[in-house]
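Novice: Pasting the sequence and the predicted coordinates here, then a few questions.
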Amino acid sequence: MSPRLVQRGQALKVGLVLASPILVYFVVFFIYPLFNLLQNAFTSAGGGFTLSNFQEMASDPILSVSLTNTAYYFFGSVGLEYSVGFVVAIILYGYTGRLKSVFRTIIFLPLMVSPVVIGLMWEMILNKDYGPLDYLLGPLGLGQANWLGDSHLAMPSLILANTWEYSPFVFLIIYAGLQTVPPHLYEAASVDGLSRTQTFRFITLPSIRPSLVVAFLLNSIGVLKGFDLIYVLTNGGPGFSTYILSFYTYVVGFSFFQPHYAAAIALLFLAIIGTFVFLMLRFTSVEEHLGLRRGKGE
Amino acid sequence: MKGRTLLLIAILTVVCLIYFFPIYFTAITSFKTNNEVFTHPVIFFPTQFTLSNYYVQVNVFRAVSDTAIGSIPWMIDSIVIAVIATLVSTFLIAAPAAYSLVRYVRSIWVARLILFMTMIPEAVFVVPFFIIIDKLSLLNTWWGLILVYISFSAPFSTWLLMGFFNEVPKSVEEAAQIDGLSPYQIFYRISLRLVTPGLIAAIILSFISCWNELLYALVITFSPFPGGAQTVPLFLTSFSIAEKAFNWGGLAAAGIFVMLPTIIMGIVAQRYLARGLTLGSVKG
């Protein structure tokens, strides 16, 4: 399949010349950092080989709280974002009128807003004295909740703000997937006399299955990576109630100044993300559009 | 049928109101006087419009916080850093790499590695990157952040552009070769021009991610002395607790300042971005 633009030997040379800038970057900003993490994780502050950084992880109460919080944040955020994004995509897909692009643009907006600004917005919205959320919830008899200051409410507040930010992303992927359902399938369904629900169940859902999986995995990785919103909205607090893995990795490195221990945690974090990337490669067609053959490159 | 459409419009309007509300509330807060900000009941339609929050921004910025040195320098730092990082990563690194991977190297494993690199959380490499930038004596400079931001946007843009290069018909390149163009000329003069939509998506998404980035800005440009290369997210986090409590107007105005450029870009280039945001997996 190799192009016949140039001879084989020359092809490799051209390929390497074109790829040389990224190769330099790859060595300096991927191989070296990875090597540095491994080196730090397996050595003590004195420099000798040790596994104590990993043993410390097993007995670190803050890490265990952070992991629990990460699970809470992960399932809460992905669950909510995915449901909201999915439902909104289906609803907009069902509407074919003139306002379609207006709706789409408005739902798309949160994706363009800086997470730091999102943090500031929600700090105002959730404010216990002058924030609009408490005010709007007032008639429902929910009283004055201290959203960010209460250790039981801080995480739900973060999940709420994150859902505003990230559900449009899920929406976007699923909505784009819906556009690719071939119209003739719907024609066939209506000829066969399928009901609206049946059409959705047997035509629409199976057709957008790839988008549903990609949306889930990208959403998952995005939530795990999140740092800015926590830094701005709660800074991990109150107490340790909103410490999640990404935040704790940063804190260990730059507040506790423990680069060796931070490296061990970073490797754990990398392994978790690696698992999701593996799932993505294994169960989705993200690489199909590249036109490369699976397996040995040719 | 008519009733169903009306119902859908009603539901979608409510959905859009919810999504738009935080932006709307920030916008009106930036035009409110303190009387209308700190009051009960919450005012959703201000009557005493003021621009003072924006004036304060421009004139008395030194007073906003001890470390702030005026809003304009932060904007300049952000624009310079985001533009240089974006142009270098798109045109000098990602485009040739993507083209090479699709047309010459053709290794799925390299492609997978690039995908993995785009997924690495910022927090993972924060210590090693700090060490690299420190060794290069580039802490607190534009170039330190530019190098780091390129390392995020280059793999992302490479992955994105690979899909676009793959769609360039080979016959076009073969015709160019018959015309006597070298492989490099074919890349630069023919194929690169044909992936313009991909370049637009890569440029805008890269610019937005540089503009919004917080963690490395915090770590690499910790010192807010003049010329310390502090970007707009740091400007927002530089508001003190007291200011956050008593100066919502200024805070909201600053937020509007920071989000306006990316929102405008997003709306203008919306149709190019869906594919980019989803790593090319959908063609929205």
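Specialist: Great, that's in hand.

Novice: can you point me to the longest helix in the chain?
Specialist: All of this is about chain A. helix A:61-94 (DSSP state H).

Novice: hm, I was asking about chain B
Specialist: Counting residues, the longest helix found in chain B (DSSP H) is helix B:2-30.

Novice: just how off-centre is that one within its chain?
Specialist: Its chain's average C-alpha position is 25 Å from that of helix B:2-30, according to Cα atoms, centre = their mean, to the nearest Å.

Novice: Centroid-nearest residue for chain B?
Specialist: Taking Cα atoms, centre = their mean, the centroid of chain B lies closest to B:Ile208, which sits 1.1 Å from it.

Novice: that older thread, can you name every helix or strand that the longest helix of chain B contacts?
Specialist: Judged by 3 or more Cβ pairs under 8 Å, 6 or more residues apart in numbering or on different chains; DSSP states H and E, the packing partners of helix B:2-30 are helix A:61-94, helix A:100-108, helix A:115-125, helix A:154-179, helix B:248-268. For glycine as for every other residue, the C-beta is placed from the backbone atoms N, C-alpha and C.

Novice: repeat that for 7 Å
Specialist: In terms of contacts (3 or more Cβ pairs under 7 Å, 6 or more residues apart in numbering or on different chains; DSSP states H and E), helix B:2-30 is packed against helix A:61-94, helix A:100-108, helix A:115-125, helix B:248-268.

Novice: if you compare these, which one is most tucked away?
Specialist: Ranked by mean neighbour count, the helices and strands packed on helix B:2-30 are led by helix A:115-125 with a mean of 25 (mean count of other Cβ atoms under 10 Å in any protein chain shown).

Novice: Not counting its neighbours along the chain, what's nearest the residue nearest to the centre of chain B?
Specialist: B:Thr262 (4.8 Å; Cβ to Cβ, 6 or more residues apart in numbering or on different chains).

Novice: picking up where we left off before, does the longest helix of chain A reach chain B?
Specialist: Yes. Helix A:61-94 is in contact with chain B by Cβ under 7 Å from any Cβ of the partner chain, via A:88, A:91-92, A:94.

Novice: which residues does A:Phe30 contact?
Specialist: B:Met117 (Cβ atoms under 7 Å, 6 or more residues apart in numbering or on different chains).

Novice: Could you verify my assumption that B:Ala201 touches B:Arg271?
Specialist: No. With contact defined as Cβ atoms under 7 Å, B:Ala201 does not count as touching B:Arg271 (9.4 Å).

Novice: which SSE is residue 217 in?
Specialist: Assuming you mean chain A. Taking DSSP states H and E as the criterion, A:Leu217 maps to helix A:209-225.

Novice: That was the other one, I meant chain B.
Specialist: Judged by DSSP H and E, B:Ala217 forms part of helix B:215-220.

Novice: And for B:Phe44?
Specialist: Assigned by DSSP H and E, B:Phe44 falls outside every helix and strand.

Novice: Where does the prediction get shaky in the chain?
Specialist: Looking at chain A here, since you left the chain open. When residues are selected by pLDDT under 70, those of chain A lie in A:1-8, A:141-143, A:293-298.

Novice: my question was about chain B
Specialist: Where chain B drops to pLDDT under 70, the residues are B:1, B:55-71, B:223-228, B:240, B:242, B:280-284.

Novice: now with 50?
Specialist: Within chain B, the ranges that satisfy pLDDT under 50 run B:57-69, B:284.

Novice: And the contacts of the helix or strand hosting the residue nearest to the centre of chain B?
Specialist: Using DSSP H and E, B:Ile208 maps to helix B:196-212. Defining contact as Cβ under 7 Å, 6+ apart, one finds that helix B:196-212 is touched by A:112, A:114-116, B:78, B:81-82, B:85-86, B:89-90, B:94, B:149, B:152-153, B:157, B:160-161, B:164, B:232-233, B:261-262, B:265, B:269, B:272-273, B:275-277.

Novice: Repeat that for stretch A:91-104.
Specialist: For stretch A:91-104, the surrounding residues in contact (Cβ under 7 Å, 6+ apart) are A:175, A:178, B:5, B:8-9, B:11-12, B:16.

Novice: I would like a ChimeraX command selecting only the buried ones among these, please.
Specialist: Remark: buried members of those, expressed as a ChimeraX selection using 16 or more other Cβ atoms under 10 Å in any protein chain shown:
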select /A:175,178 /B:8,11,12,16
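
Novice: Pull the contacting residues for residue 279.
Specialist: This is for chain A. Contact partners of A:Leu279, counting by Cβ under 7 Å, 6+ apart, are A:Leu217.

Novice: sorry, should have said chain B
Specialist: Contacts of B:Leu279 by Cβ under 7 Å, 6+ apart are A:286, B:159-160.

Novice: hmm, back to that, show me which of the residues of helix A:61-94 next to chain B is closest to A:Val14.
Specialist: A:Leu92 (45.5 Å; Cβ to Cβ).

Novice: hang on, A:Leu281 packs against B:Arg112?
Specialist: Yes. Using Cβ under 7 Å, A:Leu281 is in contact with B:Arg112, at 6.0 Å.

Novice: Look up phi and psi at A:Thr43.
Specialist: phi -130, psi 160 (degrees, to the nearest 10).

Novice: That one: how many residues sit nearby?
Specialist: Look at A:Thr43: counted by other Cβ atoms under 10 Å in any protein chain shown, it has 16 neighbours.

Novice: Bridge partners for it, pull those for me.
Specialist: Under DSSP bridges, the beta-bridge partners of A:Thr43 are A:Phe49.
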